[in-house]
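Engineer: Sequence and predicted structure below; questions after.
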Amino acid sequence: MSDTISACISCGAPMSTKFCPSCGEKKISDSDFSLAHLLEQGIDVFTHLDSKLFKSARALVFKPGLLTAEFVRGVRKPYMKPFQVFFLCNILFFFFLGGYDVFYIPAKWFFIESQYGSSIRQLAEQTAAQKNLDINALAQLYDAKVVNSSKLFVITLVPAIALFSWPFGGKQHPQYGKHVIFALYFLSFMMLVMVLYAKILIWLPFRIPPIWFNIPFLSGLVLYVRFAFNRFPGRGGLITWLGAVSVVAGLVVSTIPYRWLISWLTLHSI
């Protein structure tokens with residue numbers, strides 16, 4: 001396209017400079033399509049993403065609450081956006097721990113009458129009969145599908161967790177949206193740490209009982225949230241501990257019905 005363009009191709013506003021003063025659209029020139037320029041754009045995107053990725057990961061793990069505090073203050077450029085961090089951690093979690101029953105109930109527990117009632121067992125038997133499958137074949141089909149279902153809808157835990165943080169926002173943080181942002185980062189951190197924690201446990205030469213894993217893990221989450229709350233003005237002292245316990249309890253409480261609902265929906269949709 002020619003450099004004589006006087007109107008923005010996107011919004012139609014007059015352009016006397018390289019960039020549109022109204023929408024920021026760039027004026028196109030022949031040099032934009034040169035191989036050198038395209039390579040330069042590709043390298044710039046990669047290095048820009050790489051910088052944001054490492055800064056965000058470092059802040060998420062080692063500086064609790066910083067990403068939320070910076071986002072609330074309006075500092076957005078140096079870091080990945082909250083949903084970007086969440087979906088990246090979600091992908092990592094299900095890639096490395098897709099077989100772990102954190103967000104769903106495996107068939108070996110869900111199909112047992114004594115565990116979740118006779119109605120689930122009846123639904124499993126009816127589904128198996130309709131699909132002309134035996135119960136073991138249905139269980140394999142269910143287990144393969146429920147992992148994807150739990151992965152797709154895990155984001156619904158975010159607003160639920162935010163509800164447990166919201167009452168502790170005080171007068172300075174009454175907006176529910178701020179707590180949704182915090183819940184996104186918190187759940188991202190939890191999934192990322194679970195991946196690292198699980199890999200460490202696998203390397204150990206002995207088997208650890210689940211309670212030895214759960215207690216230090218949940219206690220660590222409480223400490224993480226407590227330090228995160230300290231980054232917000234107006235939060236301190238006992239309120240940070242109460243809020244931290246509330247958020248982690250909210251995670252546990254929200255996960256229980258989520259697991260059941262995802263498992264039921266998956267079985268019902270087969």
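Structural biologist: Great, that's in hand. In this text the structure is predicted, and so the values were computed from the model without any measurement. Numbers count the residues shown, from 1 in each chain.
Engineer: so who does residue 92 touch?
Structural biologist: Residue 92 makes contact with 191-192, 195, according to C-beta atoms under 8 Å, 6 or more residues apart in numbering. Placement of C-beta: from N, CA and C, glycine included.
Engineer: Of these - the most surrounded one?
Structural biologist: Highest neighbour count within the contacts of residue 92: residue 191, with 22 neighbours (other C-beta atoms under 10 Å).
Engineer: count of residues packed around the nearest residue to it once chain neighbours are set aside?
Structural biologist: Nearest residue to residue 191, sequence neighbours excluded (C-beta to C-beta, 6 or more residues apart in numbering): residue 93, at 3.9 Å. With neighbours defined by other C-beta under 10 Å, the count for residue 93 comes to 24.
Engineer: now swap in residue 181 and tell me
Structural biologist: 20.
Engineer: helix or strand for it, which one?
Structural biologist: helix 176-203 (DSSP states H and E).
Engineer: and that helix, how far from the chain's centre?
Structural biologist: Computed by C-alpha atoms, centre = their mean, to the nearest Å, the chain-centroid distance of helix 176-203 equals 8 Å.
Engineer: buried set for it?
Structural biologist: Across helix 176-203, burial judged by 16 or more other C-beta atoms under 10 Å covers 178-195.
Engineer: Which neighbouring elements make contact with that helix?
Structural biologist: With contacts taken as 3 or more C-beta pairs under 8 Å, 6 or more residues apart in numbering; DSSP states H and E, helix 176-203 sits against helix 35-62, helix 66-73, helix 82-97, helix 157-165, helix 210-229, helix 238-269.
Engineer: Between those helices, which one is closest to residue 151.
Structural biologist: helix 82-97 (4.7 Å; C-beta to C-beta).
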